[in-house]
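Student: starting from these lines, generate the structure:
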Amino acid sequence: MGACSIPLFKTIKSELAPVEDRGVIYGRVVAPQGATVGYTTSYLERMEEIYKDIPEMAAYQAVAGFPVVTDGNAVLRLKPWEERTRSQQEIARSLQPRFAALPGVQAFPVNPPSLGQSPRSTPIEFVIMSQVSYPELAVIAETFLAELAKYPGVQNVQTDLRLNTPELRVQVNRDKLADVGVDVDRVGRTLETMLGGRQVTRFKDNGEQYDVLVQVIPRDRSNPDDISDIYVRARNGEMVQLANLLSVREGVSPQTLNHFNRMRSVTITGSLAPGYALGEALEVMDEIAARVLPASAQTDLNGQSREFRDSSGSIYMVFAMAVAFIYLVLAAQFESWRNPLIIMLSVPLSMTGALLALWLTGGTLSIYSQIGLVTLVGLITKHGILIVEFANQLRDQGKELLEAVAEASVLRLRPILMTTGAMVLGAVPLALAKGAGAESRVQIGWVIVGGMSLGTILTLFVVPCVYALIAGKRKRPLPVGEHPVEVDAHAAPVPPAPETVG
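Tutor: Sure thing, here's the model as predicted:
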């Protein structure tokens, strides 16, 4: 029965932490490269109009141009849990098709992470690294994304390698600048002031302070040719048009050039589709990478994905250390290596019950359910301790092995059932929790309820049977003056010597 935990462990989906209902949804907007803040703002306003139709809406706000000009966030704050019938996750799923229908931008809702990461953090952060040039790396990433698009578990996919950011390249004719007596830094300062704006002073009025900015009005700086219409002062005091001193060409350049582990990299981010877990999505991405990426490319994880990988690897060590620690403590307590082994057999039985409860309730293997599994190791061993300890006491009183273990199982049944009932009933509120943080508490609750329930039932049958099979010899108490003799518990009783007639 304990072996059933192995297929259950492989069947249950895994993730870093379940998505909690925090009463807030972030609407992400990614505009095309070269878009202005005004362009991004116009779409954020359309997202706010969508928020107005949400009955659970309490407030909303939007921020355009963060962290870059083409990005924006529209935050929707929901009413308290008791005042709405839909969860945050259900509302986000209803917003997904409406945001996707907005033309000209990539817009999608994001549920904030459960462990305090940045709201902009996405569950999937898959890094592709190589020493090839960035254009070649972009081709590798596009090949990977083409295969990933066939998998429905990942949506809202983006990359941080954008090589098509439009720019204006200004070429200054230094000979002409020298002829008219204009320094290069003066030309740069003029362009910066007229196009980007410069604060020159502050103005105070009725206790309020205002920044005074010098800048050309928007309609006179919306076209590349407008740069040529700007004037700069020459050595003789006359104003010289920049069209005579420089040339303007349009081009494209990378927005950012990122590195990871000292290698050129591209990070692919995305969110999970409903019904899919982080563990299976990363497995699919690893399989695609092994199939389509060249041998010169390497992969790694970052953000929530990296934390998930690290926590998944450490749980095996933590679980093994917990089992080893309890075993050594029991070995010291019983002064035996066999008795703790009999007691620890209840652990895999309880694991089967815990994983079965998770599977039936749609739970996942996360940080919270892993905490419940480690806690279960200490809880379930209590039952074996009660049976083994009492059976040892009865054998010390002179009773045979089978008689002692049978009597111990009967006498310890009521305490075992009472402690199990108290633990299970105490965990039921966790398993049926609602409201803030319920998604995390439910995981721990079902692990304890399922593990203690099934583990207790099986322990009542397995521990006595195994004890009867492998229990070692016990030293029986002897009258004073006689030497102790070890008696094999499994050996047939020695018949008494025949009486002699004198």
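Student: which stretches of this structure form helices?
Tutor: For the chain, applying DSSP state H gives helices covering 5-11, 37-52, 88-100, 134-148, 174-180, 184-191, 278-292, 303-334, 338-344, 346-360, 367-396, 401-411, 413-431, 438-470.
Student: pick the most deeply packed of those helices.
Tutor: Greatest average neighbour count among the helices of the chain goes to helix 346-360 (a mean of 23), per mean count of other C-beta atoms under 10 Å. All C-beta spots, glycine's among them, are computed from the backbone N, C-alpha and C.
Student: name the helices or strands packed onto that helix?
Tutor: If you count contacts as 3 or more C-beta pairs under 8 Å, 6 or more residues apart in numbering; DSSP states H and E, helix 346-360 packs onto helix 5-11, helix 367-396, helix 438-470.
Student: Throw the ones you listed into CSV and include mean pLDDT and distance to Val240, thanks.
Tutor: CSV is the format used below for the helices and strands packed on helix 346-360 (pLDDT from 0 to 100; distance: least, C-beta to C-beta, whole Å):
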stretch, mean pLDDT, distance to Val240
helix 5-11, 79, 75
helix 367-396, 88, 66
helix 438-470, 89, 67
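Student: what's the domain layout of the chain?
Tutor: Domain assignment of the chain by automatic domain parsing yields the ranges 22-162+258-303, 166-253, 308-470.
Student: so which of those domains gets nearest Ala3?
Tutor: Nearest of the domains of the chain to Ala3, taken as C-beta to C-beta: domain 308-470 at 7.6 Å.
Student: quick one: low-confidence ranges for this protein?
Tutor: 1-2, 472-502 (pLDDT under 70).
Student: I'd like the helices of the chain laid out as CSV, including distance to Pro166.
Tutor: What follows is the helices of the chain, written out as CSV (distance: least, C-beta to C-beta, whole Å):
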stretch, distance to Pro166
helix 5-11, 49
helix 37-52, 13
helix 88-100, 25
helix 134-148, 17
helix 174-180, 26
helix 184-191, 17
helix 278-292, 30
helix 303-334, 29
helix 338-344, 66
helix 346-360, 51
helix 367-396, 44
helix 401-411, 80
helix 413-431, 54
helix 438-470, 43
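Student: do you know which of those lies nearest Arg120?
Tutor: Nearest of those (C-beta to C-beta): helix 303-334, 10.0 Å.
Student: now that closest one and helix 278-292, what's the angle there?
Tutor: 120 degrees (axes from the mean of the first three to the mean of the last three C-alpha atoms, to 10 degrees).
Student: now do helix 303-334: which elements does it pack against?
Tutor: Partner elements for helix 303-334 (3+ C-beta pairs under 8 Å, 6+ apart): strand 124-130, helix 278-292, strand 298-301, helix 338-344, helix 367-396.
Student: so what's the gap between stretch 116-126 and the chain middle?
Tutor: Taking the mean of its C-alpha atoms, stretch 116-126 sits 8 Å from the chain's own mean (C-alpha atoms, centre = their mean, to the nearest Å).
Student: dump the C-alpha coordinates for that stretch into CSV.
Tutor: The C-alpha coordinates for stretch 116-126 follow below in CSV (Å, rounded to 0.1, in the frame of the first residue of the first chain):
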residue,chain,number,x,y,z
GLY,A,116,5.6,38.3,-1.9
GLN,A,117,7.4,38.6,-5.3
SER,A,118,7.0,41.6,-7.5
PRO,A,119,3.5,42.0,-9.0
ARG,A,120,5.3,42.1,-12.4
SER,A,121,6.8,38.7,-11.8
THR,A,122,5.4,35.9,-13.9
PRO,A,123,5.4,32.2,-13.0
ILE,A,124,7.5,31.2,-16.0
GLU,A,125,10.9,32.7,-16.6
PHE,A,126,12.9,30.4,-18.9
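Student: hang on, the earlier thing: how about CSV for the domains of the chain, with distance to Cys4 added?
Tutor: Listed next are those as CSV, based on distance: least, C-beta to C-beta, whole Å:
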stretch, distance to Cys4
domain 22-162+258-303, 20
domain 166-253, 58
domain 308-470, 5
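Student: among the helices and strands packed on helix 303-334, which is nearest Thr201?
Tutor: Nearest to Thr201, of the helices and strands packed on helix 303-334 and by C-beta to C-beta, is strand 124-130 at 45.0 Å.
Student: hmm, back to that, so which of the helices of the chain is nearest Val252?
Tutor: helix 134-148 (11.5 Å).
Student: show residues contacting that closest one.
Tutor: Contact with helix 134-148 is made by 128, 130, 132, 154, 157, 159, 161, 163, 254, 257, 264-266, 268, 284-285, 288-289, 291-294, 297, as judged by C-beta atoms under 8 Å, 6 or more residues apart in numbering.
Student: likewise stretch 46-54?
Tutor: 27, 29, 57, 60, 62, 74, 76, 78, 91, 95, 98-99, 102, 107.
Student: need those residues in CSV with distance to Gly455, can you?
Tutor: CSV is the format used below for the contacts of stretch 46-54 (distance: C-beta to C-beta, whole Å):
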residue, distance to Gly455
Gly27, 45
Val29, 50
Met57, 46
Tyr60, 48
Ala62, 52
Ala74, 48
Leu76, 44
Leu78, 39
Ile91, 39
Leu95, 43
Arg98, 47
Phe99, 46
Leu102, 52
Ala107, 48
